[in-house]
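J.: Fold the following.
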Amino acid sequence: MLQALSRIGRRRVLQACAAVAVVLGLLLWWLLPLGDPAPTGTLTFSTGVRSGVYQRYGERLKGDLARDLPEVSIRLRTSEGSQQNIARVATGKADFTIATADALATYLRGGKPGADRLRGCVRLYDDYIQLVVPRDSEIRKVSDLRGKRVGVGQRGSGVRLVADRLMKAAGLDPTDDVKPVSAGIDTMPKQLEDDRLDAFFWSGGLPTSAVQELSDRFAIRLVPLEASLVKELQAAGGSARYYRSAMMPADAYRNAQQDQAVPTVAVANVLVTTDRSDPSLTEAFTRTVIDSRDRIGREVHAAQLVDLRTAIYTDPLLLHEGASRYYRSVKP
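T.: Sure, this is the predicted structure:
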């Protein structure tokens with residue numbers, strides 16, 4: 001009898017110890033972080049000109065990043081555009097940026113500093129090439145720019161890259177056959193309105209607020225970039241393969257397009273970092289970009305076009321380890 005009671009007592013002691021162990025384990029799980037520690041530190045996000053889509057997108061993304069990465073200080077840094085953005089990230093002067101696929105491919109093919117370290121996180125929205133002229137302009141196609149004052153973007157921009165290529169495809173020398181004006185979207189609309197430009201090129205998501213605001217106060221028109229011109233552009237090979245024919249919807253700029261869709265050229269944007277970026281930070285950054293799509297898209301329409309089904313395709317860049325980890329976590 002005593003032996004039986006002793007066995008029962010030992011069993012109860014063991015059960016009590018097991019219960020205590022479970023409680024302690026749950027308490028430790030709650031108190032102590034498991035897996036990778038939360039990202040900390042400071043990161044620089046290189047954006048674009050102040051009134052461009054990159055900057056407006058970055059400003060809104062910063063708020064969501066601050067919420068999701070409370071221990072990370074986020075600094076936005078304006079730039080001339082894709083080409084300067086890529087150089088900054090590749091050489092360690094910024095941690096993340098947005099750039100067009102054609103500009104990335106050009107940087108890689110040129111073997112420029114840090115090119116081999118560049119990595120992709122998200123394929124974002126497409127940029128649409130926009131050639132803007134006054135509504136009563138005689139300019140009807142790119143070759144009509146001969147002898148004209150043309151805003152071609154800043155030297156470090158993706159606009160400059162594609163504008164020069166489009167003019168060459170149309171048989172123009174972008175230096176000698178036009179009067180190129182190096183300017184960004186923050187100043188080109190006003191210069192067109194004041195008759196200091198005859199036309200300007202812009203590459204951005206739809207609608208770009210600076211073009212939208214110009215169309216609301218000044219009669220403008222978008223010059224078609226026909227499929228034949230795109231074929232000529234692609235014939236150059238190399239990074240030009242990232243351009244494709246597209247249509248600007250009729251409602252992109254209602255006042256400018258007068259309910260007419262406009263043929264143009266499109267190129268994808270990619271969220272870029274390097275292999276130096278911490279995988280946990282990059283995974284969290286990628287998650288925030290995808291999760292914030294709809295909220296940011298209410299203010300920056302292009303953000304609505306980020307699609308989880310295609311976001312993983314960051315060609316011409318290899319996918320960053322942290323971004324890959326995120327896509328695996330949400331795979332159905």
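
J.: and Asp315, how many neighbours?
T.: Burial measure for Asp315: 14 neighbouring residues, criterion other Cβ atoms under 10 Å. (Each C-beta comes from the backbone N, C-alpha and C, glycine too.)

J.: That one should be in a helix, yeah?
T.: No: the assignment for Asp315, made by DSSP: H, G, I helix; E, B strand; the rest coil, is coil rather than a helix.

J.: Can you tell me the number of residues neighbouring the closest residue to it other than its chain neighbours?
T.: Nearest residue to Asp315, sequence neighbours excluded (Cβ to Cβ, 6 or more residues apart in numbering): Ala101, at 6.8 Å. Look at Ala101: counted by other Cβ under 10 Å, it has 26 neighbours.

J.: Backbone dihedrals for Ala101, both of them.
T.: phi -60, psi -40 (degrees, to the nearest 10).

J.: correct me, but it touches Val272?
T.: No: assessed by Cβ atoms under 8 Å, Ala101 is found out of contact with Val272, at 10.3 Å.

J.: contacting residues for the residue nearest to Asp315?
T.: Going by Cβ atoms under 8 Å, 6 or more residues apart in numbering, Ala101 touches Ser239, Tyr242, Val267, Ala268, Asn269, Val270, Asp315, Pro316.

J.: what about Asp136, neighbour count?
T.: A count of nearby residues for Asp136, using other Cβ under 10 Å, gives 8.

J.: same question but for Gln258, I mixed them up
T.: Other residues near Gln258 come to 10 when the count uses other Cβ under 10 Å.

J.: what ranges do the helices span in this protein?
T.: Assigned by DSSP state H, the helices in the chain fall at 2-31, 53-68, 82-90, 101-109, 158-169, 188-193, 209-217, 227-234, 254-257, 279-291, 293-297, 321-329.

J.: Below-threshold pLDDT in the stretch 1-150 of the chain: ranges please.
T.: Along the stretch 1-150 of the chain, segments meeting pLDDT under 70 span 1-36.

J.: try 50
T.: 1-2, 4-5, 13, 26, 28-29, 32-34 (pLDDT under 50).

J.: what does the stretch 201-332 of the chain give?
T.: Of all residues in the stretch 201-332 of the chain, none has pLDDT under 50.

J.: From Arg135, how far off is the residue positioned nearest the centre of the chain?
T.: By Cα atoms, centre = their mean, the chain has its centre lying nearest to Ile98, at 3.7 Å. According to Cβ to Cβ, to the nearest Å, Ile98 and Arg135 sit 31 Å apart.

J.: now Val49
T.: Val49 is 25 Å from Arg135, where distance means Cβ to Cβ.

J.: go on, Thr286?
T.: Thr286 is 42 Å from Arg135, by Cβ to Cβ.

J.: okay, those two: which has more neighbours?
T.: Thr286 (27 against 13).

J.: That one: what's it in contact with?
T.: Contacts of Thr286 (Cβ under 8 Å, 6+ apart): Cys121, Val122, Leu271, Gly322, Ala323, Tyr326, Tyr327.

J.: Using the record's domain definitions, break this structure down for me.
T.: As assigned by automatic domain parsing, the chain contains the domains 41-125+269-329, 127-268.

J.: what's the longest strand in this structure?
T.: For the chain, the longest strand by residue count, based on DSSP state E, is strand 118-134.

J.: Output it in PDB with nothing but the alpha carbons.
T.: Only the C-alpha atoms of strand 118-134 are listed here, as PDB (Å, rounded to 0.1, in the frame of the first residue of the first chain):
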ATOM      1  CA  LEU A 118      23.600  44.400 -57.100                       C
ATOM      2  CA  ARG A 119      20.600  42.300 -56.100                       C
ATOM      3  CA  GLY A 120      16.800  42.700 -56.800                       C
ATOM      4  CA  CYS A 121      14.000  42.600 -54.200                       C
ATOM      5  CA  VAL A 122      10.700  43.400 -56.000                       C
ATOM      6  CA  ARG A 123       9.700  44.000 -59.600                       C
ATOM      7  CA  LEU A 124       7.500  47.100 -59.000                       C
ATOM      8  CA  TYR A 125       5.400  49.000 -61.500                       C
ATOM      9  CA  ASP A 126       6.200  49.900 -65.100                       C
ATOM     10  CA  ASP A 127       7.400  53.300 -66.300                       C
ATOM     11  CA  TYR A 128       5.800  54.700 -69.400                       C
ATOM     12  CA  ILE A 129       7.800  57.000 -71.700                       C
ATOM     13  CA  GLN A 130       6.000  60.300 -72.200                       C
ATOM     14  CA  LEU A 131       6.900  62.800 -74.900                       C
ATOM     15  CA  VAL A 132       5.000  66.000 -74.000                       C
ATOM     16  CA  VAL A 133       4.400  68.900 -76.300                       C
ATOM     17  CA  PRO A 134       2.000  71.900 -76.400                       C
END
